[in-house]
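Student: Next come a sequence and a model predicted from it.
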Amino acid sequence: MHPGVSSMPRRARDASEPEVLGGVGIVFMKDDAEQLYVHCLVEGGSAHQRGCIQQGDLLAFINDCDIRGRDPSDCPPLSGPENSSVVLGFIRVGGAAPSPKPYYVSLTRTAPC
């Protein structure tokens with residue numbers, strides 16, 4: 001676990017309930033090297049509410065997995081059960097303060113509707 005990032009408890013799901021998948025409210029774009037950059041944040045989504053992720057940031061880690069240059073099938077999924085958490089690591093590559101050191105954000109997945 002990364003410093004300053006805590007995991008949220010998960011609500012037990014009744015076996016009769018369908019599993020609802022959620023996301024964190026980030027729209028990504030790929031470059032020619034298949035790297036994922038933040039294109040925009042969905043207003044009101046988990047990422048938007050945190051307030052630190054910016055357009056153009058490079059997604060480098062999902063949980064503790066460095067995803068740069070890896071096949072997506074070898075990486076943890078971005079979406080997952082509603083109300084579960086995921087830790088994303090980004091590298092700020094543009095803007096006023098670019099930095100090669102990743103920053104980490106714990107986000108709660110929410111259902112799209």
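Tutor: Received, thanks.

Student: quick one, helices of this structure?
Tutor: 46-50 (DSSP state H).

Student: okay, and for it, where does confidence drop off?
Tutor: Scanning the chain for pLDDT under 70 picks out 1-17, 113.

Student: Centroid-nearest residue for it?
Tutor: Nearest to the centroid of the C-alpha atoms of the chain, with distances taken as Cα atoms, centre = their mean, sits residue 88, at 4.4 Å.

Student: How about it: what's its closest non-neighbour residue?
Tutor: Distances taken as Cβ to Cβ, 6 or more residues apart in numbering put residue 105 closest to residue 88, at 5.5 Å, once the chain neighbours are dropped. Just so you know, the C-beta spots here come from the backbone N, C-alpha and C atoms, and that holds for glycine as well.

Student: burial of the one you found, as a residue count?
Tutor: 20 (other Cβ atoms under 10 Å).

Student: same thing with residue 70?
Tutor: Using other Cβ under 10 Å, residue 70 is surrounded by 12 other residues.
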